[in-house]
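J.: make a model of this:
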Amino acid sequence: MKKMILPTLLAGLMVSASALAAVPTSLKEKGEITAAIVPNYPPMDFKDTATNTLTGLDVDLGNALAERLGVKISWQETAFEQMVSGLVTKRFDIILSGMTDTAERQKSVTFIDYFTSGPQLYTLTKNTELNQLTDLCGKKVGTSRRTTWPAEIAAWSKENCEAAGKPAIIVTGSEGSADARAQLRQGRLDAAMQGSETIPYLMLQEKDTYKPIGQPISKQFTGLGVNKSNPELVKAIAEAMQAMVDDGTYGKILKKWDLEQGAVTRIEMNQGK
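T.: A predicted model of the protein is given here:
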């Protein structure tokens, strides 16, 4: 057993040292990495109501990552719409806020993919007539207009509702996931869409209130975003995160948030489509 553990430990230390060596000189001199975050997406990113402090999967991963890179992390709360532009103008070094890796965003951002999930539809438990995805044909479904989900719902509806001679899903863009959820509770929507990683958390927080409908309609990668003009930082972060996967640090953080189902075994870049 000892003979197996020692090489693994040494390999992890070598990868960490490599990542530390690859950190851009400017970042080493600054001594901190600035991360954009929008804390409104539990359990990925949110604020502890008791302490008003940032918490969630991304916060734990970011803190562990900064330690691996030998720098402090400075979390900068911002609006969702400003994250990519802030990265491009170098207000932030990274985006670490449950952002979906998409081909469109890859035009200005390199994504280091660290989690998988999918857009999933859900409704109130009292809506007993809504049990499978096709039950939503002709119904009002809301989701954040800032995401790709409105288009994905419309595409799914075209293929599964309209093609079968059923009425199309009525897609409503909301100001965010919390807004869609509020409209659902108010009866203004029949269902809403949320990342599959979030629905179990919501069901735990508000017992007997929500239920998922079917399975996620697609697979998506969640990525840590880095400015495309900074390949050195991409390399350093990717190596450090792979070391966290290999030595179990990554798995422990996911387990803490009950998100093991979204784990990756290899840290890859720009897998989104």
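J.: nearest spatial neighbour of V59, skipping sequence neighbours?
T.: D45 (6.7 Å; CB to CB, 6 or more residues apart in numbering). To be clear about C-beta, it is placed using only N, CA and C from the backbone, and glycine gets the same treatment.
J.: so what does the one you found have for phi and psi?
T.: phi -150, psi 120 (degrees, to the nearest 10).
J.: residues in contact with it?
T.: I37, V38, P39, L54, G56, L57, D58, V59, S97, G98 (CB atoms under 8 Å, 6 or more residues apart in numbering).
J.: beta partners of it?
T.: On the basis of DSSP bridges, D45 is bridged to Y41.
J.: residues contacting stretch 162-178, please?
T.: Residues outside stretch 162-178 that contact it (CB under 8 Å, 6+ apart): 40-41, 80, 134, 136-146, 150, 153-154, 156-158, 161, 180, 183, 189, 192, 194, 198.
J.: gap between the two ends of it?
T.: Start to finish, the residues bounding stretch 162-178 are 29 Å apart (CA to CA, to the nearest Å).
J.: how far does stretch 257-273 sit from the chain's center?
T.: 9 Å (CA atoms, centre = their mean, to the nearest Å).
J.: for the closest residue to R145 other than its chain neighbours, which residues make a bridge with it?
T.: Leaving aside its sequence neighbours, R145 sits nearest to G173 (CB to CB, 6+ apart; 3.1 Å). Listed by DSSP bridges, the beta-bridge partners for G173 are T143.
J.: what's the answer for W75, then?
T.: A35.
J.: one step back: derive a PyMOL selection command for the buried subset of the contacts of stretch 162-178.
T.: Per 16 or more other CB atoms under 10 Å, the buried members of the contacts of stretch 162-178 correspond to this PyMOL selection:
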select buried, resi 40+41+80+136+137+139+140+141+142+143+144+146+150+153+154+156+157+161+180+183+189+192+194+198
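J.: show me where the stretch 101-250 of the chain has its helices.
T.: Counting by DSSP state H, counting those that start in this stretch, the stretch 101-250 of the chain has these helices, from start to end: 149-160, 177-185, 199-205, 231-246, 249-256.
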